[in-house]
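Engineer: sequence first, predicted coordinates after that:
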Amino acid sequence: MTHAICTLALALAAAPQLAPLAVAGALLPDVLDRALRLRHRSRATHELVAALALAAASPLLPPLLPLALGWAHHLLLDSLTVQGVYVLGRRVSLSRAKSGDPLLNAAAVVVHLALLLA
């Protein structure tokens, strides 16, 4: 839920017409993990290269860009937890907070809503 709310707020502030695709992109890594029966935050879906590959393909198919930005935003939020994400195959974590930490999630939502209202 945090991924959707934060990405929606950011997308509405930047480019409202692209918000649905950005939110879809933000949900995609976890949806793919479940659909492909991978463990949560698998290397296949939580690797920065995946978002960059979508962005690189966007000149051929422009709707891929907001999907890629949503995906990258998902990874940024996940990097703020102890489990982190992958960057070029190496796990990167910018914080010691646990995934699902209500304080971290609330802070993320407040920051993103502030950006929307700014």
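Structural biologist: Sure, I can see it. Numbering: from 1, shown residues only.
Engineer: quick check: mean pLDDT of the helix or strand hosting residue 108?
Structural biologist: Taking DSSP states H and E as the definition, one finds residue 108 inside helix 102-117. In this model, helix 102-117 carries a mean pLDDT of 93.
Engineer: off-centre distance for it?
Structural biologist: Remark: helix 102-117 is offset 14 Å from the chain centroid, using CA atoms, centre = their mean, to the nearest Å.
Engineer: can you say which helix or strand has the residue most central in space within the chain in it?
Structural biologist: Nearest residue to the geometric centre of the chain (CA atoms, centre = their mean): residue 74, 1.1 Å. If you go by DSSP H and E, residue 74 is part of helix 64-79.
Engineer: for that helix, which outside residues touch it?
Structural biologist: Helix 64-79 is contacted from outside by 2-3, 6-7, 10-11, 15, 18, 21-30, 41, 46, 48, 50-52, 54-55, 57-58, 84-85, 92-95, 99, 108, using CB atoms under 8 Å, 6 or more residues apart in numbering. For every residue, glycine as well, the C-beta is placed using N, CA and C.
Engineer: just the buried ones among those, please.
Structural biologist: 2-3, 6-7, 10-11, 18, 21-30, 41, 46, 48, 50-51, 54-55, 58, 84-85, 99, 108 (16 or more other CB atoms under 10 Å).
Engineer: taking those residues one by one, which sit in strands?
Structural biologist: Judged by DSSP state E, strands contain the following of the buried ones among the contacts of helix 64-79: residue 85.
Engineer: low pLDDT regions in the chain?
Structural biologist: For the chain, no stretch is flagged by pLDDT under 70.
Engineer: need the outlier residue of it, farthest from its centre.
Structural biologist: Most distant from the centre of the chain: residue 60, at 22.2 Å, with distances by CA atoms, centre = their mean.
Engineer: mark which of the buried ones among the contacts of helix 64-79 are part of helices, please.
Structural biologist: 2-3, 6-7, 10-11, 21-30, 48, 50-51, 54-55, 108 (DSSP state H).
Engineer: check contacts around residue 45.
Structural biologist: Neighbouring residues of residue 45 by CB under 8 Å, 6+ apart: 28-30, 32-33, 36, 38.
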